[in-house]
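Student: 3D, please:
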Amino acid sequence: MPPPIPDLDGYRSDVGRYLEAPGPAADAAFAHLFSAAAVAGLEAYEGGDPRRMRALARFAAEGHLRLASADEMAGIHELLRAPLVAGGRDGAVTLGEVDAQLAAEPDRERRRELQGARLRALDQHLRGPMSDAALRRADAARALGAASAAALIARVAGLDLAALADDAARVLDGTDDIAARSLDRVARASLGAPASALEAADLPRLTRAPDLEADLPPEALAAAVGRTREVMGSRGGGARASSAAGVAGALGTLRETGAALARAGVSPRLPTESRALGDPSLVLAHAVVMEGLLAEPEWLRRVLGTADPEPIVVGAAAARLLLLRAGAATARGLGTGPDPDLMSRAVGVAWPAELSLAADLGDLAPADELRARMLAAALRRYLREEHGERWFLDPSAAGLLRELWLEGGDLEPATIARELGSTGLDAGLLVAEAVERLG
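Tutor: Below you'll find the model as predicted:
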């Protein structure tokens with residue numbers, strides 16, 4: 001058994017200083033926060049609040065893995081910022097800009113060319129560095145007794161990857177049929193082609209849904225988001241509008257608003273780990289709740305002022321289901337490696353393996369996202385049952401959300417779900433939502 005960290009208050013104070021300006025320079029200046037001894041000591045610490053200790057231990061473990069691959073990741077980030085992909089609308093673009101280019105490009109052949117250039121760039125420039133970074137992280141995790149980088153983070157955070165894999169499988173199994181039908185419906189409306197003709201390069205354009213852009217003007221969306229924030233009683237929590245257009249942009253704006261509201265609503269009296277390092281799925285759940293308003297007919301009608309909400313409901317629900325299934329496929333492979341065939345099944349098109357090169361780095365973001373979506377489904381069901389289809393206009397519903405925000409990371413997702421009447425984090429609620437909106 002490793003010795004517990006000797007000075008918890010000092011560690012917590014240094015975490016607060018680190019968070020003032022996180023990044024590579026802070027990683028170097030505060031490297032002691034991420035040492036193997038710090039990870040082991042925080043994990044072994046007894047006497048503190050278990051939720052807070054798990055938050056600190058996860059922070060330390062993620063930083064430990066990040067430092068283990070710091071040189072490789074610095075090179076990768078440089079490559080991501082370099083104009084490596086030819087064929088963009090304005091010449092060469094960076095790898096990070098390709099999806100935006102694909103979403104904006106109406107010509108399918110140009111999308112195909114741009115995607116091909118991206119895949120070649122990923123294979124030639126990023127495959128080696130990504131593999132090296134994954135090996136460094138795996139070695140660091142094994143030195144701490146974990147089978148993989150993902151397994152290390154899951155262990156210190158108290159997460160069960162096998163159970164999450166089962167949840168992911170349940171989502172995929174339960175939505176295969178409805179996803180295929182909705183993908184075909186949206187593809188015909190947005191791209192003028194059946195789903196059977198789609199390629200991965202078409203998905204960013206599909207989720208943008210250009211046929212619905214006129215129904216989602218940015219000014220009207222911004223005003224609707226502002227009215228919703230007013231009902232929530234938030235004095236802060238402003239969020240930038242997404243730079244994307246159409247359905248994808250609207251979903252992004254709402255999602256960012258929900259996350260900002262949750263972060264701004266945390267009590268300043270809480271310690272650093274509860275204010276800034278709590279379970280990521282807690283903030284993400286509120287982001288997902290707000291994101292889901294775009295698939296709520298009454299929000300579209302009453303707040304956005306849409307005369308015929310049905311097309312937007314279908315487009316938004318289909319895009320959200322696509323995101324859910326892609327995340328579930330990635331979460332299913334945590335600890336075992338990415339599965340292009342499973343991803344192809346999830347998104348309904350052949351999925352290039354090059355687009356999953358980062359999956360071996362051990363990032364638990366897909367697991368956090370899946371847990372957040374299950375919690376959001378429980379929250380949404382409770383809000384609708386207790387406050388009606390127009391819960392987003394009910395100040396008492398907003399009061400419940402503010403109470404949850406106030407507690408920050410001192411809550412547990414499964415406990416919240418049970419207190420709201422669910423059995424816990426239940427993948428079945430996600431399946432039921434998809435059927436309700438798209439069935």
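
Student: Please count neighbours and contacts with C-alpha atoms only from this point.
Tutor: Will do.

Student: ok, then the element right after the helix or strand bottoming out on mean pLDDT in the chain?
Tutor: Least confident helix or strand of the chain, by mean pLDDT, DSSP states H and E, is strand 85-88 with a mean of 66. Past strand 85-88, further along toward the C-terminus, the next helix or strand under DSSP states H and E is strand 91-93.

Student: Please compute how far the next helix or strand after that next one lies from its chain's middle.
Tutor: Moving toward the C-terminus from strand 91-93, the next helix or strand (DSSP H and E) is helix 98-104. Distance, stretch centre to chain centre, for helix 98-104: 19 Å (Cα atoms, centre = their mean, to the nearest Å).

Student: for this protein, which spans come out with low pLDDT?
Tutor: Within the chain, the ranges that satisfy pLDDT under 70 run 1-4, 6, 87-90, 234-243, 335.

Student: okay, which residue is most central for it?
Tutor: Glu369 (4.6 Å; Cα atoms, centre = their mean).

Student: Give me the domain ranges for the protein.
Tutor: Domain ranges of the chain: 8-74+131-157, 82-126, 161-438, per automatic domain parsing.

Student: Now do the longest one: distance from first to last residue.
Tutor: Between the opening and closing residues of domain 161-438 we find a distance of 29 Å, counting by Cα to Cα, to the nearest Å.

Student: Relative to the whole chain's centre, how far out is that domain?
Tutor: Distance, centroid of domain 161-438 to centroid of chain: 8 Å (Cα atoms, centre = their mean).

Student: Stretch 111-119 too?
Tutor: 25 Å.

Student: Buried residues, that stretch. List them.
Tutor: For stretch 111-119, burial by neighbour count (16 or more other Cα atoms under 10 Å) applies to Arg111, Arg112, Leu114, Gln115, Gly116, Ala117, Arg118, Leu119.

Student: picking that back up, got a list of what the residue nearest to the centre of the chain touches?
Tutor: Ser281, Leu284, Ala285, Gly327 (Cα atoms under 8 Å, 6 or more residues apart in numbering).

Student: If you rank those residues by neighbours, which is first?
Tutor: When these are compared by neighbour count (other Cα atoms under 10 Å), Ala285 ends up highest, at 28 neighbours.

Student: So it is in contact with Arg380, correct?
Tutor: No: using Cα atoms under 8 Å, Ala285 is not in contact with Arg380, being 10.1 Å away.

Student: how about the helices in the stretch 301-439 of the chain?
Tutor: Using DSSP state H, counting those that start in this stretch, the helices of the stretch 301-439 of the chain run over residues 310-332, 340-347, 365-387, 395-407, 413-419, 427-438.

Student: now what about the first one, what contacts it?
Tutor: With contacts defined as Cα under 8 Å, 6+ apart, helix 310-332 is touched by 164-166, 168-169, 171-172, 179, 182-183, 186, 207, 209, 212, 215, 247-248, 251, 294-297, 338-339, 342-343, 346-347, 359, 364, 366-367, 369-370, 373, 434, 437-438.

Student: Those, buried ones only, as a ChimeraX selection?
Tutor: Per 16+ other Cα under 10 Å, the buried members of the contacts of helix 310-332 correspond to this ChimeraX selection:
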select :164,165,168,169,171,172,179,182,183,186,207,209,212,215,247,248,251,294,295,296,297,338,339,342,343,346,347,359,364,366,367,369,370,373,434,437,438
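
Student: And Ala150, how far from Pro366?
Tutor: 11 Å.

Student: angle of the longest helix anywhere in the chain against helix 427-438?
Tutor: Ranked by number of residues, the top helix in the chain under DSSP state H is helix 161-191. Relative orientation of helix 161-191 versus helix 427-438 (axes from the mean of the first three to the mean of the last three Cα atoms, to 10 degrees): 10 degrees.

Student: after helix 161-191, next one along is what?
Tutor: Heading C-terminal from helix 161-191, the first helix or strand you meet, by DSSP H and E, is helix 203-208.

Student: could you say which helix or strand contains Ala147?
Tutor: Applying DSSP H and E, one finds Ala147 in no helix or strand.

Student: ok, now which ones touch Ala31?
Tutor: Ala31 touches Leu67, counting by Cα under 8 Å, 6+ apart.

Student: Please report phi then psi for it.
Tutor: phi -60, psi -30 (degrees, to the nearest 10).

Student: Just give the nearest non-adjacent residue to Gly333, would you?
Tutor: Take Gly333 and drop its neighbours on the chain: the residue closest to it by Cα to Cα, 6 or more residues apart in numbering is Asp339, 6.7 Å away.
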